[in-house]
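Colleague: below are the sequence and a predicted model; questions follow.
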Amino acid sequence: MSGAAAAIATAGRGGIAWMFAATLCFAVMGTAVSAAHAADPGLSTFVTSGFRSAVNLAVLVAVAGRHPRSLLGDGRPALWVRGALGGLSLLTFFTALAHLSVGEAAFLNQTSAVWVAALGPLVLGERTAPLTWLAVAGALLGVFLLAPAPAAGFGLGHAAGLASGLFAAGAYLSIKRAARTNSAVAIVFSFTLVSTVLSVGLALGTGAAWPARPAVLGLLVLSGLAATAGQLLMTAAYRRGRAAPIAAAAATGPLLSALLGAALLGQTPGPRAAAGMAVLLVSSVLLPFFASRDGDQPAAGAPGESRPASPEASDTPTTSRR
């Protein structure tokens, strides 16, 4: 292997290591929220989403320090559309967490890649070639297996999980437009600001009870801190490696969520759900390679989060959900 090739390979491996660390942080976020709902069954998803967003927002403001203008973008509609769609993705993902296992919710959110492939040609005029559609078909099969049998019904949690993937895809498509004239930190700030206002506003408007138990409060703060750490690590990953393998590494996030849910919360999936997760995992890992080969940009990220439009476009911590 030549010196240049070795350097590229080393950078790729380094980026993948950072991405695995990021996906672990996002898995911790989801597990903490699920544990909070298990400890307090009456907990509102408006409250959990509000806590996670508010903690993230506070960290961003603290990092900005004496340069608050770095948080502001150009105010164009795409920036705030991205924020609104990201906020809705986060809210619906947390709703799924309140009704499903961590792994099921995370895998349903991962369908954002399917929505991006389906909507990209319409919204951005990007070509989606046959190999990409092959991975999309596999992902749809995984969703079918992950959903409950017809006799069991399709509940709120499954609907919310799929909706979170759709909203996340919309946020990704919007960020490609917003990133042309805005820094990464401005895009993340718009997401956290809109998400905080939306979630806290709904919590206050519906009269949702705020948690009083220290353990529940600690879990919600942990979810915000873990999400923030995931944002930092994900940005570092895209700076250090090629997009396709890093996006493939990010696609393993739902698997980490499922493993944490099983180990810490006893959320073991049944045979049908496990088969659906396996098919979704393979399809999601292959999709960025197919998209890269076809000339498209792969989507990656955690619930409510969006990666930078390109590694070079970001010089500040940014996101996807989660």
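Modeller: All right, it came through fine.
Colleague: flag the shaky bits of the protein, pLDDT-wise.
Modeller: Scanning the chain for pLDDT under 70 picks out 1-14, 75, 120, 122-129, 148-154, 176-181, 292-322.
Colleague: do I have it right that Ser195 meets Leu91?
Modeller: Yes. Taking contacts as C-beta atoms under 8 Å, Ser195 lies within contact range of Leu91: 7.5 Å. For every residue, glycine as well, the C-beta is placed using N, CA and C.
Colleague: overlap in contacts, those two.
Modeller: In terms of C-beta atoms under 8 Å, 6 or more residues apart in numbering, Ser195 and Leu91 are both contacted by the residues Ser49.
Colleague: residues of the helix or strand containing Ala226 that come out buried?
Modeller: Under the criterion DSSP states H and E, the helix or strand holding Ala226 is helix 214-240. If you call a residue buried by 16 or more other C-beta atoms under 10 Å, then helix 214-240 has these buried ones: 216, 219-220, 222-240.
Colleague: after it comes which helix or strand?
Modeller: Following helix 214-240 in sequence, per DSSP H and E, is helix 243-250.
Colleague: tell me what that next one is packed against?
Modeller: helix 3-39, helix 214-240, helix 271-294 (3 or more C-beta pairs under 8 Å, 6 or more residues apart in numbering; DSSP states H and E).
Colleague: ok, back up a step: which elements pack onto the helix holding Ala226?
Modeller: helix 3-39, helix 45-64, helix 243-250.
Colleague: run the chain-centre distance for the second one.
Modeller: So that's helix 45-64. On the basis of C-alpha atoms, centre = their mean, to the nearest Å, helix 45-64 sits 15 Å off its chain's mean C-alpha point.
Colleague: and the last one, by the same measure?
Modeller: Going by C-alpha atoms, centre = their mean, the spacing between the C-alpha centre of helix 243-250 and its chain's C-alpha centre is 14 Å.
Colleague: what does the helix or strand following that helix rub up against?
Modeller: On the C-terminal side of helix 243-250, the nearest following helix or strand under DSSP H and E is helix 253-265. With contact meaning C-beta under 8 Å, 6+ apart, helix 253-265 is reached by 23-24, 26-28, 30-31, 34-35, 38, 101-107, 109-110, 267-269, 277, 280-281, 284, 302.
Colleague: try 6 Å
Modeller: 23-24, 26-27, 30-31, 101-103, 106-107, 110, 267-268, 281 (C-beta atoms under 6 Å, 6 or more residues apart in numbering).
Colleague: and that helix, which residues are buried?
Modeller: So for helix 253-265, counting by 16+ other C-beta under 10 Å, buried means 253-258, 260-261.
Colleague: returning to what we had before: pick out whichever of the contacts of helix 253-265 sits closest to Asp74.
Modeller: Phe26 (28.3 Å; C-beta to C-beta).
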